[in-house]
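Student: What follows is a predicted structure for the sequence shown.
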Amino acid sequence: MRFIYLAIILNLLALQGCATNPVTGEQDFVLISESEEISLGQKYHQQIIQEMPVYQAPELAAYVSEVGQRVARVSHRPELNYKFTVLDDPMVNAFALPGGYIYITRGILAYLNSEAELAAVLGHEVGHVTARHSVRQQSASTATSIAGAVLSATTGVPGTEDVFNVFGKALLSGYGRGHELESDRLGAQYLARSGYNPQAMLEVIGVLKNQELFERQRARAEGREPRAYHGVFASHPDNDRRLQEVVSEADHLKTTGTPRTGRKQFLAHLEGLSFGQSENDGVVDGNNFYHKPLNIGFRFAKGWSIDNQPDRLLASAPNQAAIMEVRVATLKNRIPPRQYLEQYLGDKFQIGEKLDVKGFEAYTATAPINTNFGKRRARVSVVYDGNHAYLFTGISRQTSNYRLFDGIFKDVARSFHKLSAREKKLATGLKLHLIKAGPTTTFAALARKSPIPKYPETELRLLNDLYPDGEPKPGQTLKVVR
């Protein structure tokens, strides 16, 4: 009888949740109206721009919006109020929220080489919106959650994961092969209808696939997870027959015999684009960290890897034998550093002492903390600078190695200092610039002069769509990093 009740509930949900798909004209199972979809997008948009800063380049923002609106106007849902936002993020990414909110990072822009490729990325994301992929996925998750709640109440078996977890995962990792292919098909149609060659969809996926292949190699070498754009799948587009078929279906929709490419216009808008780390978030240079707006720097031991995240800095010793985290907090009350650590650590506070950091108040203590590999003794130091408190927390993976690393943890905090004139230049961050290739220009020669910290020759080839072994032609406009 329990399962009869469950079937009745699911049937009622199906009857109440059917809506016409704007793209296919068929009935889809959705539990969210269009007005609710737009409200949901508005809500999450506020969260996105709070957590991920908008890239401050008005001319570039206007250009991206212009290209995006050109594509959106010929979509299946032209009546939506589309909003295109460039995010100040070095990650290669683009994603869409319900209701027409579309985001593209400066990180992905750096690897594109024409307006048509930009239109292809934006068209793919518009396709997610017009086909209501996030809404359909969220509705399915909601129904599953309701069914899970019924099962839990009647059988004692726990239900499924929260719907918003599913929604968030879709934004970051995509919607599965079927929905991604549908977005490629729709994006190709929108390209053709707005005056671009739909084959630009294959071109840009090829560019991003090359970037992903190199990113995976680099991630393996650095012992971390790769970071790749969700619209790229396992096969290279040159070998993906289904993708080629889906994109080619749009060829008959071309509106002009000479499709718009816009390479020159697009590249001009990349002049001066921030590349890699932003000086607003701090810059890693070897084993040093510099933050120009805060005017501070410190250094880790040689051989340590440093991951500059939006809310913290994480550093690890070779083989992750030790890990260190650095955070910054605003001082609400100017209490002594020892008292600050006592309040911060609570009853975990153990042995403490003043820390000698030239020109700054500082204190250090130890505390037992829970980690992914068990309870460990942590070295926690705080350094005051103005109204900021910088917290340095270090742990060793093996308890037997604590004494080996404890001095290193203290040394990192002791290295805290104001930036020198030379360091301020290093903390400025790297920018893209355009040059003309000469008769003898090679990527090897450009790489020798490049400030790109790792794999400069490969990065330059990827930036100019000449990966893995292409060379520039005389007179060709190239992107370089300075």
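Tutor: Received it, and whenever you're ready, just let me know what you need. Residues are numbered from 1 along each chain as shown.

Student: Can you list the buried residues in the helix or strand hosting Ala219?
Tutor: Element membership for Ala219 (DSSP states H and E) is helix 200-222. If you call a residue buried by 16 or more other C-beta atoms under 10 Å, then helix 200-222 has these buried ones: 200-215, 218. Quick note: C-beta positions are derived from backbone N, CA and C, even for glycine.

Student: Please apply the same query to stretch 325-334.
Tutor: Neighbour-count burial for stretch 325-334 [16+ other C-beta under 10 Å]: Glu325, Val326, Val328.

Student: Thr366 belongs to a strand?
Tutor: Yes: the assignment for Thr366 is a strand, going by DSSP: H, G, I helix; E, B strand; the rest coil.

Student: I'd assumed Arg376 was in contact with it.
Tutor: No: applying C-beta atoms under 8 Å as the test, Thr366 and Arg376 come out as separate, 10.4 Å apart.

Student: the helices in the stretch 201-350 of the chain, which residues?
Tutor: Using DSSP state H, counting those that start in this stretch, the helices of the stretch 201-350 of the chain run over 241-248, 263-270, 337-345.

Student: what packs against the second one?
Tutor: Other helices and strands packing on helix 263-270, by 3 or more C-beta pairs under 8 Å, 6 or more residues apart in numbering; DSSP states H and E, are helix 58-72, helix 115-130, strand 430-436, strand 477-481.

Student: for the stretch 101-250 of the chain, what are the low-confidence residue spans?
Tutor: Along the stretch 101-250 of the chain, the model assigns pLDDT under 70 to residues 136-175.

Student: and if we set it to 50?
Tutor: Applying pLDDT under 50 to the stretch 101-250 of the chain flags the ranges 139-170, 172.

Student: I'd like the distance from the helix or strand encompassing Glu423 to the chain centre, please.
Tutor: In the assignment (DSSP H and E), Glu423 maps to helix 421-426. The chain centre lies 27 Å from the centre of helix 421-426; the measure is C-alpha atoms, centre = their mean, to the nearest Å.

Student: Could you list the buried residues of that helix?
Tutor: Result for helix 421-426 [16+ other C-beta under 10 Å]: buried residues Glu423, Leu426.

Student: give the contact list for Gly429.
Tutor: Gly429 makes contacts with Ser274, Phe275, Gly276, Gln277, Ser278, Glu279, Val283, Lys292, as judged by C-beta atoms under 8 Å, 6 or more residues apart in numbering.

Student: how about Asp411, what does it touch?
Tutor: Residues counted as contacts of Asp411 (C-beta under 8 Å, 6+ apart) are Ala301.

Student: element containing it, please.
Tutor: If you go by DSSP H and E, Asp411 is part of helix 402-414.

Student: Packing partners of the helix or strand just after that helix?
Tutor: Using DSSP H and E, the helix or strand that follows helix 402-414 in sequence is strand 417-418. With contacts defined as 3+ C-beta pairs under 8 Å, 6+ apart, strand 417-418 has these neighbours: strand 296-299.

Student: give me that answer again for 10 Å
Tutor: Applying 3 or more C-beta pairs under 10 Å, 6 or more residues apart in numbering; DSSP states H and E, one finds that strand 417-418 contacts strand 296-299, strand 374-385.

Student: partners of it, with directions?
Tutor: Its sheet considered, strand 417-418 pairs with strand 296-299 (antiparallel) by DSSP bridges.

Student: what does the strand it pairs with rub up against?
Tutor: Strand 296-299 is contacted by residues 282-283, 285-291, 306, 313, 326, 328, 357, 360, 383, 385-386, 388, 390, 392, 411-420, 423-424, 426-427 when judged by C-beta atoms under 10 Å, 6 or more residues apart in numbering.

Student: how about it: buried residues?
Tutor: For strand 296-299, a neighbour-count test (16+ other C-beta under 10 Å) marks Ile296, Gly297, Phe298, Arg299 as buried.

Student: Now do that strand: distance to the chain's middle.
Tutor: Strand 296-299 sits 25 Å away from the centroid of its parent chain (C-alpha atoms, centre = their mean).

Student: Just list whatever residues bridge to Ile306.
Tutor: Using DSSP bridges, the beta-bridge partners of Ile306 come out as Ala315.

Student: Tyr290 is in contact with that one, correct?
Tutor: No: taking C-beta atoms under 10 Å as the definition, Ile306 is not a contact partner of Tyr290, at 11.4 Å.

Student: Excluding chain neighbours, what is closest to Ala94?
Tutor: In space, and not counting its chain neighbours, Ala94 is closest to Ile104: 4.4 Å by C-beta to C-beta, 6 or more residues apart in numbering.

Student: Could you work out the end-to-end span of stretch 289-304 for me?
Tutor: 12 Å (C-alpha to C-alpha, to the nearest Å).

Student: three-state assignment of the residue nearest in space to the middle of the chain?
Tutor: With distances taken as C-alpha atoms, centre = their mean, Met91 lies nearest the centre of the chain, 4.1 Å away. Here Met91 is recorded as coil under three-state DSSP.
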